[in-house]
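Asks: dropping a prediction and its sequence here:
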Amino acid sequence: MVYKSMLSSSYNTRELGGFKTADGSITKNNVYWRSDVPSAPQADDIIKLLSSHITTIIDMRTETERAKTPDTLSELSEFEYHHFPIVEGSGVPESLEAVPLSYMTIATAENMPKVMKVIAEAEQGVLFHCTAGKDRTGVVSAIILMTCEVDRESVVRDYVISREYNHKRLEAFLAAHPEVDRNIVLANEKSMNGFIDLFTERFGTVDNYFEEIGLSAEYADMIRNKMMR
């Protein structure tokens, strides 16, 4: 199978449309796109984003990451660009067992309410990204899919597939950092399953999660209304 990013300027741009929900609905296309950093998108990518009505960009990288690889979509008037750095959980965890805990720190990060508020309120489609589109982006994607009552297996599979899209980038990282356990940086089923377990244990429901991060269950409803047919 060929794993090809939806944008030529990225490795790991995918969308959250096409997932079956608990009531038998299918999540809508061109509402939420998840991505690694789109590096210097050319005209074809810009046209694709606009024609798909993806006009809001959320960048969750740290200031250091953003300085190293700017998101040039921020410079274009056609897009509404938001930078909400998620510093929590942005480093490499110490072990595979620590990854779910790291993901919980991402889910409850200081700027996460801003991320979720824009995702819920955006007038058109949203592309949200970090650097590799796996951890911070993976957590946000999982929460959106859980909000729409997509089954756990599909949520985990959507996370794990980053391993295929990011193959070249991650192999290069591992070659440069041989001391790092590859299971930590390659999307692993245990990591997302562990996060879902911790999330459910702490919050019970996604509606409760939105309440606890300072928003309200109304924001979960707004995401559902956008995503469900």
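Replies: In hand now; what should we look at?
Asks: what's the biggest helix in this structure, counting residues?
Replies: helix 189-203 (DSSP state H).
Asks: what residue ranges in the protein score low on pLDDT?
Replies: Applying pLDDT under 70 to the chain flags residues 1-2, 229.
Asks: who are the packing partners of the longest helix of the chain?
Replies: Packed against helix 189-203 by the contact rule (3 or more C-beta pairs under 8 Å, 6 or more residues apart in numbering; DSSP states H and E) you find helix 99-107, helix 136-147, helix 152-160, helix 206-212. (Each C-beta comes from the backbone N, C-alpha and C, glycine too.)
Asks: among those, which is nearest residue 75?
Replies: Residue 75 lies closest, by C-beta to C-beta, to one member of the helices and strands packed on helix 189-203: helix 136-147, at 21.3 Å.
Asks: list the contacts of that closest one.
Replies: For helix 136-147, contacts defined as C-beta atoms under 8 Å, 6 or more residues apart in numbering pick out 16, 19, 27, 32, 34-36, 60, 86, 89-90, 103, 106-107, 115-116, 119, 128-130, 154-155, 158-159, 162, 187, 192, 195-196, 199, 206, 209, 220, 223-224, 227.
Asks: which one of the helices and strands packed on helix 189-203 has the most crowded surroundings?
Replies: The highest mean neighbour count among the helices and strands packed on helix 189-203, using mean count of other C-beta atoms under 10 Å, belongs to helix 136-147: a mean of 26.
Asks: what does stretch 201-213 rub up against?
Replies: Contacts with stretch 201-213, where a contact means C-beta under 8 Å, 6+ apart, come from 104, 107-108, 112-113, 116, 143, 146-147, 199, 216-217, 219-220.
Asks: for it, list the C-alpha coordinates in CSV.
Replies: What follows is stretch 201-213, C-alpha atoms only, in CSV (Å, rounded to 0.1, in the frame of the first residue of the first chain):
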residue,chain,number,x,y,z
GLU,A,201,-10.2,6.9,33.8
ARG,A,202,-9.7,10.6,34.5
PHE,A,203,-12.6,12.2,32.6
GLY,A,204,-15.1,9.4,32.0
THR,A,205,-16.5,11.1,28.9
VAL,A,206,-15.3,13.6,26.3
ASP,A,207,-17.9,16.1,27.5
ASN,A,208,-16.4,16.0,31.0
TYR,A,209,-13.0,16.6,29.4
PHE,A,210,-14.2,19.8,27.8
GLU,A,211,-15.7,20.9,31.1
GLU,A,212,-12.4,20.2,33.0
ILE,A,213,-10.2,22.1,30.6
